[in-house]
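Visitor: fold the following.
(6 chains)
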There are 4 protein chains.
Amino acid sequence: MSTPRSFVDKICPVRAKRERRKEARPGELLAAALDLFVEKGFAATRSEEVAARAGVSKGTLFLYFPSKEELFKAVVIENLGGRFTEWNAEFEAFEGTTADMLRYCMNVWWERVGKTQASGLTKLMMSEGANFPALAEFYREQVVRPGHDLLRRIFQRGIDSGEFAPMDVDHAIYSVVAPMVFLMLWKHSAMVCVDGAAALDPEKYLATQAEVVINGLSVRSGRPTEPGVSSAAPKIEGLS
Amino acid sequence: MSTPRSFVDKICPVRAKRERRKEARPGELLAAALDLFVEKGFAATRSEEVAARAGVSKGTLFLYFPSKEELFKAVVIENLGGRFTEWNAEFEAFEGTTADMLRYCMNVWWERVGKTQASGLTKLMMSEGANFPALAEFYREQVVRPGHDLLRRIFQRGIDSGEFAPMDVDHAIYSVVAPMVFLMLWKHSAMVCVDGAAALDPEKYLATQAEVVINGLSVRSGRPTEPGVSSAAPKIEGLS
Amino acid sequence: MSTPRSFVDKICPVRAKRERRKEARPGELLAAALDLFVEKGFAATRSEEVAARAGVSKGTLFLYFPSKEELFKAVVIENLGGRFTEWNAEFEAFEGTTADMLRYCMNVWWERVGKTQASGLTKLMMSEGANFPALAEFYREQVVRPGHDLLRRIFQRGIDSGEFAPMDVDHAIYSVVAPMVFLMLWKHSAMVCVDGAAALDPEKYLATQAEVVINGLSVRSGRPTEPGVSSAAPKIEGLS
Amino acid sequence: MSTPRSFVDKICPVRAKRERRKEARPGELLAAALDLFVEKGFAATRSEEVAARAGVSKGTLFLYFPSKEELFKAVVIENLGGRFTEWNAEFEAFEGTTADMLRYCMNVWWERVGKTQASGLTKLMMSEGANFPALAEFYREQVVRPGHDLLRRIFQRGIDSGEFAPMDVDHAIYSVVAPMVFLMLWKHSAMVCVDGAAALDPEKYLATQAEVVINGLSVRSGRPTEPGVSSAAPKIEGLS
DNA sequence: AATGAATGAGAGTTCATTCAT
DNA sequence: CATGAATGAACTCTCATTCAT
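Guide: As a prediction, this is how the structure comes out:
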């Protein structure tokens, strides 16, 4: 669990000294915290256990993070929020059709978030957000808003370039987010809602949903881009 | 939170007037517990608060339910598990095509569960199931298994009657359950993952998903897997 | 568990009506209470269980006895304290040697107390007396003092008649009480201090102890009352 | 209540100065617990009070002992169970007659147990053992069994060496244990069963009982070891 | 007279957080 | 920097006692 260019590195004063060991501390704590938060939830994770898994004492944890809530926020930044600047830059530089951009976006999300532990944080927020309003607010600011903004820019690019028909962008955002949310839940709660093992191929599922959305949004000339597909355009009626 | 046609009410029907209050207690407690469990989760709900919301004291709660876990089980039975016998009977008696049966099933589910507080229990189990194995097991026995069995019977009926092509029934079950799970999450966690309010019409969404599934399973006369038809069948590729 | 001529009968106003059933109530409650107090101790006996064993409801118990402590006092009176008037009378009327009187006294004690449940009350007071000073005081007044008085009178009679040598009567009392206490403990705590089953014949043990005491107290003329026994007089040195 | 030569002290000998306090904690807690358990019994002793008497807060107690029951077990080990290895060694090395060994054994017991607070634990088990089966079992394993084994070895030595006549060793054990049990009760329950203060000299009492047992068990040659005493051998008839 | 539903103080135990070392 | 002993508020569950019916 490497922590390259971590957001926390920037705020944590402990980093003053260049000593290797000490440098690694916050990262180890964040990694341990991520594991445990995802595994047990926020409330049910004991700070002592986080410290123990990071190989330090309880006191040390509070040396780096003033409270359990701040620890959680740091985990969110490290794994989700702090990456948006990088992602935004990546997408600013993207060349190609907006449809490809959307496909790429969803793939990237799956590779860097959905597939990893980090996706558990979203499930966690859905579960416990109501009990920790400060955390929920923080999460919305750091993750939800930037994520939506990124998608919004993609859709706007499509509209501006004439690739996508004018639309209610907020709804469109949602039709991309919904399958992501579903996949995260499926990953982290399978034990409860499914008996059998893996009945779902996440990458295929995501690709299909991407096509559904793209088809639904694309400007169609007199006739479908490809005959036989146009009529089939599987609009998700509920999502509009 | 009214408690209409409560499971408990059915066991002990009418009584003398002076027992009105006592009679009502379990129902009131179950209703209060449902509210709070759904609102805050299992661990974060304090027994005293359940009692207070039902208008009684802490001790009274434990007069009716020997522990918080038993209270939760009673809530699950009352709102989900205990209704399967009734639902099973209803479906045994169903006349019509299996496709209609499936549509009806999903509608009924939405009306009686998805739309109600009860759907919060599923979200709760997904969130906290791992921390309370005994509850997770109980939930699987009382809700997941019967639910899957019911769906299994529907699909089998379709296969037997020739309406549906032979399939992996377990996968099919999952393609029906997935959108339900998604809707429950959307309902109970909207605050976290969505900015705007209602971007989703659950009934339409569910109807669309129903058609997707039905199309995917139906025996097609013309000639299956042929271009022009296949394209119309919006197969969810990820779900297989 | 008959309750003949109960002390409680005299104070309990409920007895006004001559109805058979009601008449029996307090006695049944006292019997149940005795059983449970002896079995579990005072603190660990729940009032509800007493009521249940007596076949009445919790409320009824408090109708007859204003508190658990009063219930206990009534049990003590019923089984121990209230019998002293009768026993005193019996001993006032005793004709025969004082040695026989003492033997008879110990036998009677064994038959009517030691052997019965009632002996458990003494063990109970030794165990929990310190935690319930009011009960301890009551027990001393109602049981210990009258018991000691009775023994004192016996010894005094022996001294007055010349059968016993002058002695410290309080110590003598103690040498009679000690084996009784020991037997009660042995009966009610055997499970803890003994592995094997019955290694002790209480009646023989008591008879032996009686002889020890009598021998120790008796005036001996030039030679023992009976040759070969006198020298054997197994004085208990520690008890003096 | 000082904790000299504590069992715990033996496991972790000297440490740095700064750990003085921490080092002393378990001993202080055990001492406080012993005091209170003996004074009030197990159930009636509140954990918070144990902590308070040791000068720490409620939470600290549970830092050292995971539950009240474990605390009690530790008290038993510290004061009784843990000393048997030492005692056994002492007796293996004993040189002299078995009669002397038995006398020594009873003296040692009185000095190191009977006279001390520790004897209150036995009284406690007799009172509350039935309500806490796990504790009773532990006590039997740690104290009753090793104690009986030690006595058994003594008697067996006497038989093997020809000092004692063949006997039912289990009964013999009991005749030694009985006066010990009685003395412990007398010590800790005096307030209830005796009016006057010290009517009993425990050491004399114990010495007398020792002679009774030794006389009862000893092999007598053709004629008593000493004329006039043999016939006097004050057999405790009840104990057989 | 009898019930049993209701109460609420109090017990054992947990855990985020502090701070002397 | 790092530790881990110490804290105390908070939580679940118990049970003697009350009182409307």
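Visitor: helix or strand: which one has residue A:31?
Guide: helix A:20-40 (DSSP states H and E).
Visitor: quick check, that helix touching DNA strand E?
Guide: No. Counting by C-beta under 7 Å from any atom of the strand, DNA strand E has no neighbours in helix A:20-40; the shortest distance is 9.9 Å. The C-beta positions use only the backbone N, C-alpha and C, and glycine is treated the same way.
Visitor: list the buried residues of that helix.
Guide: Under the neighbour-count criterion of 16 or more other C-beta atoms under 10 Å in any protein chain shown, helix A:20-40 has A:25-40 buried.
Visitor: so for that helix, mean pLDDT?
Guide: Per-residue pLDDT values over helix A:20-40 give a mean of 82.
Visitor: what packs against that helix?
Guide: Packing partners of helix A:20-40 (3 or more C-beta pairs under 8 Å, 6 or more residues apart in numbering or on different chains; DSSP states H and E): helix A:7-11, helix A:47-54, helix A:58-64, helix A:68-79, helix A:119-128.
Visitor: make TSV out of these and add mean neighbour count.
Guide: Below are these laid out as TSV (neighbours: other C-beta atoms under 10 Å in any protein chain shown):
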stretch	mean neighbour count
helix A:7-11	15
helix A:47-54	18
helix A:58-64	16
helix A:68-79	22
helix A:119-128	25
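Visitor: hmm, back to that, the helix holding residue A:31 versus helix A:119-128: what angle between them?
Guide: With axes from the mean of the first three to the mean of the last three C-alpha atoms, to 10 degrees as the basis, helix A:20-40 and helix A:119-128 are set at 50 degrees to each other.
Visitor: relative orientation of helix A:20-40 and helix A:47-54 in degrees?
Guide: Helix A:20-40 and helix A:47-54 are oriented at 130 degrees to each other (the same axes, to 10 degrees).
Visitor: and chain A, what are its domain boundaries?
Guide: Structurally, chain A divides into domains by automatic domain parsing as follows: A:7-72, A:80-217.
Visitor: for the last one, measure first residue to last.
Guide: When the termini of domain A:80-217 are compared using C-alpha to C-alpha, to the nearest Å, they are 28 Å apart.
Visitor: so which residue is dead centre in chain A?
Guide: The residue lying closest to the centre of chain A (C-alpha atoms, centre = their mean) is residue A:113, at 5.1 Å.
Visitor: pLDDT wise, what is the closest residue to that one other than its chain neighbours at?
Guide: Excluding its sequence neighbours, the residue lying closest to residue A:113 (C-beta to C-beta, 6 or more residues apart in numbering or on different chains) is residue A:119, at 5.6 Å. At residue A:119, the pLDDT value in this model is 94.
Visitor: got it, and residue A:128?
Guide: pLDDT for residue A:128: 89.
Visitor: just give me the neighbour total for the spatially closest residue to it that is not a sequence neighbour.
Guide: Closest residue in space to residue A:128, ignoring its immediate chain neighbours: residue A:42 at 5.1 Å, by C-beta to C-beta, 6+ apart. For residue A:42, the count of nearby residues is 22 (other C-beta atoms under 10 Å in any protein chain shown).
Visitor: could you tell me the least trusted of the domains of chain A?
Guide: Lowest mean pLDDT within the domains of chain A: domain A:7-72, a mean of 81.
Visitor: and the angle from the biggest helix by length in chain A to helix B:119-128?
Guide: For chain A, the helix with the greatest residue count under DSSP state H is helix A:169-193. Put simply, helix A:169-193 runs at 70 degrees to helix B:119-128, going by the same axes, to 10 degrees.
Visitor: ok, residue A:47 to residue C:58 distance?
Guide: 45 Å (C-beta to C-beta, to the nearest Å).
Visitor: with residue A:156 instead?
Guide: From residue A:156 over to residue C:58 the distance is 72 Å, taken as C-beta to C-beta.
Visitor: and for residue A:213?
Guide: Plainly put, residue A:213 is 66 Å away from residue C:58 if you go by C-beta to C-beta.
Visitor: go on, residue A:205?
Guide: Computed as C-beta to C-beta, the residue A:205 to residue C:58 distance reads 60 Å.
Visitor: one more: residue A:45?
Guide: Residue A:45 sits at a distance of 43 Å from residue C:58 (criterion: C-beta to C-beta).
Visitor: what's the answer for residue A:164, then?
Guide: According to C-beta to C-beta, residue A:164 and residue C:58 sit 74 Å apart.
Visitor: residue A:126 too?
Guide: Using C-beta to C-beta, we find residue A:126 at a distance of 46 Å from residue C:58.
Visitor: buried ones in the strand or helix carrying residue A:213?
Guide: In the assignment (DSSP H and E), residue A:213 maps to helix A:202-217. Neighbour counts over helix A:202-217 (16+ other C-beta under 10 Å) mark A:202-203, A:205-217 as buried.
Visitor: of those residues, closest to chain C?
Guide: Closest approach between the buried residues of helix A:202-217 and chain C, by C-beta to the nearest C-beta: residue A:202, at 56.6 Å.
Visitor: for the residue lying closest to that closest one once chain neighbours are set aside, the count of nearby residues, please.
Guide: Among residues not flanking residue A:202 along the chain, residue A:183 sits closest, at 5.3 Å (C-beta to C-beta, 6+ apart). Look at residue A:183: counted by other C-beta under 10 Å, it has 24 neighbours.
Visitor: any idea how far residue D:217 is from residue A:183?
Guide: Per C-beta to C-beta, residue A:183 is found 83 Å from residue D:217.
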